[in-house]
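Peer 1: need coordinates for the below:
(chains A, B and C)
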Amino acid sequence: MSAVKPSPGRSLGGTLRQLVSGKHRSPLPGFGPGLAVTISWLTVMLFVPLMALIAKSVSLTPAEFLTAAWSERARAAYMLTFGAAAIAAVVDVALGLLFAWVIVRYRFPGRQMLDAIVDLPFALPTAVAGLVYSSLYVKNGWFGQFLVPLGIEGAYSRFAIVLVLIFLGLPFVVRTVQPLLSSLEGDIEEAAASLGASRWQTFTRVILPSVMPALYTGFALAFARGLGEYGSIIFVSTNIPYKSEIAPMLIYSRLEDYKYEEATAIAVVLLAGSITTLMLINWLEARNRRYAR
Amino acid sequence: MHVNSVRTQKTAGRMVANEPLWFRILLISLCYLIAIVLIIVPLIYVFVQAFSEGISGWWNNLFNDAETRHSVFLTLIVVPLAVLVNTVCGVAAAWTLTKFKFPGRTLLMTALDLPFAVSPVVAGLMFVLLYNLRTGYFAPLLNEIGFKIIFAWPGLVMATMFVTIPFVARELIPLMQALGDDEELAAVSLGASPWQIFWRVTLPNIKWGLLFGVIQCNARAIGEFGAVYVVSGRIERETYTMALRVEKLFQDYNNPGSYAVASVLTLMALSTLVLKIILERMVAASMEQSSSE
Amino acid sequence: MSISVQNLSKRFGDFVALKNVNLEVPSDSLTALLGPSGSGKTTLLRIISGLESADEGSILFKDEDVTTRSARDREVGFVFQHYALFRHMTVFENVAFGMRVRNAPNGEVRERVNELLHLVRLEGLGQRYPSELSGGQRQRVALARALAVKPRMLLLDEPFGALDAKVRQELRTWLRKLHEEMHVTTVFVTHDQEEAFEMADQVVVMSQGHIEQTGTPQAVFDNPATSFVMDFLGNVNVFHGRVQSGRVQMGPFSLQYDEYQNEEPRNATAYVRPHELDIDRSPSQASLLGKIKQINPAGSVLKVRVAVEEFGVELNVDVTHYRAKQLELKLNDIVYVHPRSVRVFMPETDYVI
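Peer 2: Below is the predicted model of the structure:
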C-alpha cells in the first residue's frame, strides 16, 4: 500500500547479495542453463513457427498477398470474426463486472458455487461447449423451443457465434476484475459518501475508474480468445462463406485445398489484427494505470 | 483471520457501503440467471444427453467403439507429453526471468504471452508450414530420416504445446516475484548446491502454485481443438484426440456417442475446478505464510 | 458548530461498542477522544459522522437532530486513518472530488483547490498521484479533501497513527495551528495520550464503551477521575492498602483521606506518579527503603527503578539530573523513597473486609 516503505526482506537480500558476490549480478545459480532452456524452448515452439509464417507470407508478391488476404470472402470473414469477438467481449465486460461485484461484495447462499462455476468455460473443452450450444438453441432444443418462435436463432446463426464467445470469455473478465475489486479498501467508499457523493456517483467516479484497468485487461483476454476461437464455432455456425464463416475457418478451408500461401496471408492479417488490438488495449490500460507507478 | 471477522462484523452496521436490499437481491438473481442459462443448463445437458440410452448405452458408446477407445488412448499420450515439456521449461523460464535481470528479459516475458494472441488454427498452420512433408521448410530433413510430424502424433504434441506455453510460467512468475529470492540467497551463502537450492528451498515454496499451473495447462491441453484439428489431418485410429472425436461423432450424426465422449471431458473439467479450489486455498496459505515472516 | 451526543448506544453482535454515551463538544473546540483500542472511540467518531448508525440515542449538530441523516447529508469532513485517498485520481482531483459531485463550476473548483493546496503546503503537487507522495503528504491531502467542501466540522480518525515519530510531531503542531486559524469544530481519535494532551482543548477519555472523564488536558492530568484514567495516563506506581476512619494505610504510609469517614475498613488502591516520588539518602516519615535496580536517562529526567523488598514491588521514580548528581545515585545504592502526593481510589463494588 505504501510505496515509500522499504521492505525489510529486500535489504536482507541486498546484504546477502553483497556478502555472497559483491557484484551486481545475482549470485544465484542456474542463469546459464535456465536461459538456454528458456530460449531453446521458445525458439523451437514459438519463434521458428512464427518465422515460418512470416517467411511464407513474404514469399508472396504484394499483389498475390492482397488477392489472398483481402478478397471479398476474406474481408467478410474478418468482419465477422472481429465483430463477433468485440461484441462478445463487451458483453463479457458487463457480465464479468456484475459477477465479480456480486461474488466479492455480497454474502448469499450459493456464492462459492457461483464463484467456482465461473471457471467452467475455461476448463471445459471448447468442442463440448460448441456441441451443447448447438443443440440447446435449435427449434426443438431446451431454450430454442421458447426462443425460436420469438425469432431468436441461438444456433446456426451469427448470434450463435456471439453467444458461444460470451460463454468462453466470461471467466477472463471475472478473474481479472475480482482481485482488484476485493482489494479496494472499504473506506474509499465511505470517504466518497462523507464528501457528499451519491451511491451512483461513488460507483461511476470512484469504483469504476479503480477497476478500469482490470476491465481493459479482461476485455483484451476475452477478445483475443474470441478472435482465435474455432473449436466451438464450427459446431454452432453454418459456416457459409460471406455469411457465417469466421477467419480461422477460412484459413482451414484454404489449408484443406493445400493453398498454404493463401492460408498464410489470411493468418497474417488475423494475427496482425489481434496483436494490434492487444497492444492498443495494453497501451490504454497502461495510460489508465498511471497512478499505480 | 481474527481481524477479518471483526471487520465483517463492523460492516454490518455501516450506513454507506451497502446497497439497498432489493438492489442486492436483484443483482444476485441476475447473476444466478446468467449462470444458469450460460453455464449450468449446458452442463446438465451434457449428462442428460450422454445418459439418454442409460448407463450401459453410455458405456457402450465409450468403450465398445474402437475409434473412441483409440482417441482416449491418444489423448493420454499427447496431453501428458505436452504438459511435461511445458512444465519443465516453464519452471526454467520462471526461474531465469524472476531471479536474474538481463537484457531481453522483458522481450522473453512478452513472448510467453504471445500464444494467447495467436489463433489455434494459425498455430496449427505454422507447424504445417514447417513440417509438412511436401512443401514444409523441414520437409527435406524429415523425409531423409523418415519422421512424420504433421498428420501424426508428434504434430499433435507440438500443436498442443504451442497453445499451452504460457500457463505454467505465467502462474509461477508472479508467485516467485512475490516470494523474492532471500531464501535462495541464504541457501547459497550456506553452501547449498544448485539442485539443493531448487529442491529444498524453491520448490517447497512454489509447489502449490506450480501444481495450479500444471492443472490449468492440463485442462487447456485436453480441450485443445483448433490447433490439433489443423495438424491432425484427421486419420481414423491415428490422429483423433477426444476433443476431435466429439466433433467427428457429431458430424456422423452419432449424438449419443458424441455426448458420451463429451461427458468424460466435462467430468475432467469439473475435477479441474475442484482441484483448482483446493489449490487456490493452498497458494493463498503459502503466500500468507511467506508474507507474515 | 457544537456537537451534542445524547444517550448513545451501539452493539456489534455481542460486543457492546458504546453504552449510554453523553458528550458535548463546544463550537470551534479541538477535542480528543482518547482511549485504548476497543474503547469505542472510533465507533463514536463514525456515528457522529454518519458512517455508522447508532442503536439508541441521538446526535445533534447545534440544535439540529441529525441522527437519521446519512453521511452524505451531514456535511462533515472525515479524515480516515489510512487516508482513503482515491488512488486513480491526482491530488488535485482528490481535493476537488467533493465539489465535483456537487457540480461546482470549474473555475470555482480550481480556485478552492489551489487555495487548499496552499493551506496544506502542497502547492505544485496537484498533478501527482497519491502513490507518489509520502505518508505525511497523503495525510495533508486527506485533510484538504475533507476541508474542500467547507464542512460543518472536521472529524479525524487516528490522524497520525500511520506516520513515523518525527513527521507526526511536525503535523501535530501544524494541525493545532491550522485549527486556530480556521475555527472549525474538530474531533480526533487517538490512543496516544501525549498527542491528545498536546493538541486538544478538551480531552475525552474512553474505556470499554463509556466515557471515563471529560475535561481540559490539565484537569484530566491533574485530577484523574477514575483509576482507569490514572492507569491509562502513565506508568504509575500502585499500592494496595485499606481505608478506615478518614485515613489510608499503605504499609508505612498513613495519609489523610476525608472522603471515607466510616470505621469499617475497606480495600483501596493508591496511585503515585513517577514524578511525585522523591528519592533521598536518609529516611523521612512515610518513606520506603529500596535498592536502585536501573537508571535510564529519558529526556530531562532520569528514570530510576527502585526495588522495595519489604513489599515485593519495584517503583518507578523520575529524578531530575540535578537531584541525581546531588545524591550521586549509582546502581545498587540503598535509598529512601517517599511520595509527595498520592491518589486513592476505592473499588466501586462495596467489598468489606
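Peer 1: what parts of chain C come near chain A?
Peer 2: Selection of chain C residues close to chain A by Cβ under 8 Å from any Cβ of the partner chain yields C:49-51, C:70-78, C:80-82, C:84-90, C:97-98, C:100-102, C:129-132, C:134-135, C:145-146, C:148-149, C:162. In this view, the C-beta of every residue, glycine as well, is placed from N, C-alpha and C.
Peer 1: restrict those to contacts with chain B.
Peer 2: Near chain B, by the rule Cβ under 8 Å from any Cβ, you find C:50-51, C:70-72 out of the residues of chain C next to chain A.
Peer 1: low-confidence ranges in chain A?
Peer 2: A:1-25, A:289-293 (pLDDT under 70).
Peer 1: same deal with the stretch 101-250 of chain B?
Peer 2: For the stretch 101-250 of chain B, no range has pLDDT under 70.
Peer 1: residues contacting the closest residue to residue A:195 other than its chain neighbours?
Peer 2: Among residues not flanking residue A:195 along the chain, residue C:98 sits closest, at 3.7 Å (Cβ to Cβ, 6 or more residues apart in numbering or on different chains). If you count contacts by Cβ atoms under 8 Å, 6 or more residues apart in numbering or on different chains, residue C:98 has them with A:195-197, C:145, C:148-149.
Peer 1: try 10 Å
Peer 2: When contacts are counted by Cβ atoms under 10 Å, 6 or more residues apart in numbering or on different chains, residue C:98 is found next to A:191-192, A:194-197, C:72, C:75, C:77, C:104, C:109, C:112, C:145-151.
Peer 1: can you tell me which of those are buried?
Peer 2: Burial by neighbour count, judged by 16 or more other Cβ atoms under 10 Å in any protein chain shown, picks out A:191-192, A:194-197, C:72, C:75, C:77, C:104, C:109, C:112, C:145-149, C:151 from the contacts of residue C:98.
Peer 1: one step back: who wins for most neighbours among the ones next to chain B among the residues of chain C next to chain A?
Peer 2: residue C:51 (28 neighbours; other Cβ atoms under 10 Å in any protein chain shown).
Peer 1: what sits against residue 56?
Peer 2: As the question left the chain open, I've gone with chain A. For residue A:56, the contacting residues are A:260-261, A:263-265, A:267-268, B:125-126, B:129-130, B:135, B:137, by Cβ under 10 Å, 6+ apart.
Peer 1: hm, I was asking about chain C
Peer 2: By Cβ under 10 Å, 6+ apart, the contact list for residue C:56 reads C:6-11, C:18-20, C:67.
Peer 1: I'd like those as TSV, with neighbour count and pLDDT appended.
Peer 2: Converted to TSV, the contacts of residue C:56 look like this (neighbours: other Cβ atoms under 10 Å in any protein chain shown; pLDDT from 0 to 100):
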residue	neighbour count	pLDDT
C:6	17	93
C:7	12	93
C:8	25	93
C:9	17	93
C:10	23	93
C:11	14	91
C:18	26	93
C:19	17	92
C:20	13	92
C:67	15	90
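Peer 1: follow-up on the earlier one: give me the subset of the contacts of residue C:98 lying in strands.
Peer 2: Using DSSP state E, the members of the contacts of residue C:98 that fall within strands are residue C:77.
Peer 1: export only the CA atoms of the helix or strand where the residue nearest to residue A:195 lies, formatted as PDB.
Peer 2: Assigned by DSSP states H and E, residue C:98 belongs to helix C:91-100. The C-alpha coordinates for helix C:91-100 follow below in PDB (Å, rounded to 0.1, in the frame of the first residue of the first chain):
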ATOM      1  CA  VAL C  91      -4.000  15.100  -5.700                       C
ATOM      2  CA  PHE C  92      -5.900  18.000  -7.400                       C
ATOM      3  CA  GLU C  93      -8.900  15.700  -8.300                       C
ATOM      4  CA  ASN C  94      -8.900  14.100  -4.900                       C
ATOM      5  CA  VAL C  95      -9.300  17.500  -3.200                       C
ATOM      6  CA  ALA C  96     -11.800  18.600  -5.900                       C
ATOM      7  CA  PHE C  97     -14.000  15.500  -5.500                       C
ATOM      8  CA  GLY C  98     -16.500  16.800  -3.000                       C
ATOM      9  CA  MET C  99     -17.100  19.900  -5.200                       C
ATOM     10  CA  ARG C 100     -17.300  17.900  -8.400                       C
END
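Peer 1: pLDDT averaged over that helix, what's the number?
Peer 2: If you average the pLDDT over helix C:91-100, you get 93.
Peer 1: quick one: buried ones out of the contacts of residue A:56?
Peer 2: Among the contacts of residue A:56, those buried by neighbour count (16+ other Cβ under 10 Å) are A:260-261, A:263-265, A:267-268, B:125-126, B:129-130, B:137.
Peer 1: nearest to residue B:256 among these?
Peer 2: For the buried ones among the contacts of residue A:56, the residue nearest residue B:256 by Cβ to Cβ is residue B:125; the value is 33.5 Å.
Peer 1: who touches that closest one in this structure?
Peer 2: If a contact means Cβ under 10 Å, 6+ apart, then residue B:125 has A:49, A:52-53, A:56, A:248, A:251-252, A:254-255, A:260, A:263-264, A:266-267, A:271, B:118-119, B:159, B:226-227, B:230-231 as its contacts.
Peer 1: kindly recompute the last result at 6 Å.
Peer 2: A:263, A:267 (Cβ atoms under 6 Å, 6 or more residues apart in numbering or on different chains).
Peer 1: neighbours of the nearest residue to residue C:128 once chain neighbours are set aside, how many?
Peer 2: Among residues not flanking residue C:128 along the chain, residue C:91 sits closest, at 5.3 Å (Cβ to Cβ, 6+ apart). The criterion is other Cβ under 10 Å. On that basis, residue C:91 has 27 neighbouring residues.
Peer 1: residue C:91 contacts residue C:125, correct?
Peer 2: Yes. Using Cβ atoms under 6 Å, residue C:91 is in contact with residue C:125, at 5.5 Å.
Peer 1: mind checking which of the residues of chain C next to chain A are in helices?
Peer 2: C:49, C:71-74, C:97-98, C:100, C:135, C:145-146 (DSSP state H).
Peer 1: which one among those gets closest to residue C:242?
Peer 2: Each of those was scored against residue C:242 by Cβ to Cβ, and residue C:49 proved nearest at 46.7 Å.
Peer 1: number of nearby residues for the closest one?
Peer 2: 24.
Peer 1: kindly report the same for residue B:174.
Peer 2: When counting by other Cβ under 10 Å, one arrives at 12 neighbours for residue B:174.
Peer 1: residue C:32 bridge partners, please.
Peer 2: Residue C:32 forms beta bridges with residue C:188, residue C:203, as assigned by DSSP bridges.
Peer 1: burial count for residue 238?
Peer 2: The chain I'm using is chain A. 12.
Peer 1: please refer instead to chain C.
Peer 2: By other Cβ under 10 Å, the residues close to residue C:238 number 13.
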